[in-house]
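Visitor: Whatever this is, show me its structure:
(2 chains)
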Amino acid sequence: METMIPNLVGAGIIVIGAGLGLGKIGGSAMEAIARQPEAANKIQTAMIIIAALLEGLAFGALFLGK
Amino acid sequence: MKTSIYSIKFFGLLLTCLLTINVFANQSNEQAQQDDGRVSTPSEIEEYILHHLKDSHGFHLVSYTNDAGERVHVGFPLPVIVYGNDGFTTFMSSEFHHDSEGKVIVEKNGSRFVNYHSKIYELEEGATELVFDEAHHPVNASKPLDLSITKSVFGILVVGLLMLWWFSSLARQYKKRSIPKGFGRVLEPLVIYVRDEIARPNIGEKKYRKFTGYLLTVFFFIWILNLIGLTPLGFNVTGQIAVTAALAVLTLIIYVFSGNKDFWGHIFWMPGVPILIRPILAVIELVGTLIIKPFSLLVRLFANISAGHIILMSLIAIMINLKADLTPVGSTALSFVLSLFISVIELLVAFLQAYIFTMLSALFIGMAVAEHDHDHEHDAHGNEIPDAEDIRENFI
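Guide: Numbering: from 1, shown residues only, chains lettered A, B, ... in the order given. Okay, here's the model as predicted:
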């Protein structure tokens, strides 16, 4: 169990980073949609792509650390 | 018009409820019934979940202990095809009697096979039991080339045939009428959605037609396999890293071979940056294009689907883990609510991951085939000289 602790702390740090990133993406997209509701579709698509890239990075880090 | 919208909504709701409750009921059934026999401690539950995540040589639906105290496994077998020391050998996986501990020995054509953790080993002469050394390599057995129709292969074949049937009949309908009928009416908007929202904006008006076929295939393949993974049959095809790797390599091959002069030019000799930095950028761009892009595609799909399955099964296992603390009724209710909630999210994830895989494939292909509207002139240092049009654009 003790050997698991660095992995678990690392996983926590990764999730904190990914959470901050997703929050920033989501917040900015909300703001952008509020400013220009007619561009909501384009903003959503871009938001999903960036979120997916970030998610890939986070998952990659989690799996390499496992 | 109004009634049709309501009926579609109702149908969607019904489907959602049926699908998720189905998952819940059957998987939990399996676990609850294993409870009085084997699956009762956290480590056994973990083993059970890890077993589910791997590919296996047969379907295993329910296990229970009968009145005589024997474990009974219910499922259906799949063919095992192995190429060992004596050539090809074929038999049904039912001959292993659901054993995956290497205990049951199947003898065919003078070769003897055992199934250990869903991998098939061929025992050597005189060996009666699989023995491993410290590095976990078998001492007295070899691993034959395994070409079996496993659970994942079976799933892929079924989805392939389904798609062939649905889409060829949809295509045939357009010869007679402009609006398809029957199930084609469900598929047509999805096809148009992938074409108009994914392929066209990302690849470009001129070239999207050539790649739409691939994108549609990949989209429906991943989506249907993700959905099948949520049924109680226990498929975990898109959660196999080999499957997602093969899909990512297909995308890689397509954008590498359709990349144009500009694409490779921007990789090996990036215009507009100082000469000294160009070789460094070439290395970074090459690694990014050939390794990181497909790697991110394959890891995302694999990790999302595996994570979803682990969470779903862990929540179902709450029923057993917290039985002592919450009484059977309380733990079952908690597990029911949580796993229903996650099942609904997984339905969304199943679509979202198919969408994202297709979207990023389209984006990567679009980058490779993008054509510049007009060539910029470069000065002696490789910097772009803005032409009149650029200047006008910048001012406006």
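
Visitor: what sits up against stretch B:177-186?
Guide: B:Trp166, B:Ser169, B:Leu170, B:Gln173, B:Tyr174, B:Leu187, B:Glu188 (Cβ atoms under 8 Å, 6 or more residues apart in numbering or on different chains). Glycine gets a C-beta too; all of them are placed from N, C-alpha and C.

Visitor: Tell me which other helices or strands the top helix by length along chain A touches.
Guide: Longest helix of chain A, by residue count under DSSP state H: helix A:4-35. Judged by 3 or more Cβ pairs under 8 Å, 6 or more residues apart in numbering or on different chains; DSSP states H and E, helix A:4-35 is in contact with helix A:40-65.

Visitor: Look up how far B:Ser343 lies from B:Met163.
Guide: Remark: distance between B:Met163 and B:Ser343 (Cβ to Cβ, to the nearest Å) = 24 Å.

Visitor: And the two? Which one has more around it.
Guide: B:Ser343 (22 against 16; other Cβ atoms under 10 Å in any protein chain shown).

Visitor: got a list of what B:Ile308 touches?
Guide: Heads up, residue B:308 is Gly, not Ile. B:Ile342, B:Glu346, B:Val349.

Visitor: For A:Ile33, state which of these is nearest.
Guide: B:Val349 (22.7 Å; Cβ to Cβ).

Visitor: Helix or strand: which one has that closest one?
Guide: helix B:323-369 (DSSP states H and E).

Visitor: hang on, the earlier thing: can you turn the buried part of the contacts of B:Gly308 into a PyMOL selection?
Guide: Here is the PyMOL command that picks out the buried ones among the contacts of B:Gly308, judged by 16 or more other Cβ atoms under 10 Å in any protein chain shown:
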select buried, chain B and resi 342+346+349
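
Visitor: helix or strand for the nearest residue to A:Glu55 once chain neighbours are set aside, which one?
Guide: Ranked by Cβ to Cβ, 6 or more residues apart in numbering or on different chains and with sequence neighbours excluded, the top spatial neighbour of A:Glu55 is B:Arg300, at 6.2 Å. Here B:Arg300 sits within helix B:293-321, counting by DSSP H and E.

Visitor: what's the average pLDDT for that helix?
Guide: The average pLDDT for helix B:293-321 rounds to 87.

Visitor: Report whether the helix holding B:Val349 contacts chain A.
Guide: Yes - Helix B:323-369 is in contact with chain A by Cβ under 8 Å from any Cβ of the partner chain, via B:Leu352, B:Tyr355, B:Ile356, B:Met359, B:Leu360, B:Leu363.

Visitor: Next, count neighbours for the closest residue to the fifth one other than its chain neighbours.
Guide: Excluding the flanking residues, the one nearest B:Leu360 by Cβ to Cβ, 6+ apart is B:Leu297, at 6.1 Å. Residue crowding around B:Leu297 was assessed by other Cβ under 10 Å; the count is 25.

Visitor: ditto for A:Gly17
Guide: 14.

Visitor: burial count for the closest residue in space to it that isn't next to it in sequence?
Guide: The spatially closest residue to A:Gly17, leaving aside those adjacent along the chain, is A:Ala58, at 7.2 Å (Cβ to Cβ, 6+ apart). Using other Cβ under 10 Å, A:Ala58 has 21 other residues around it.
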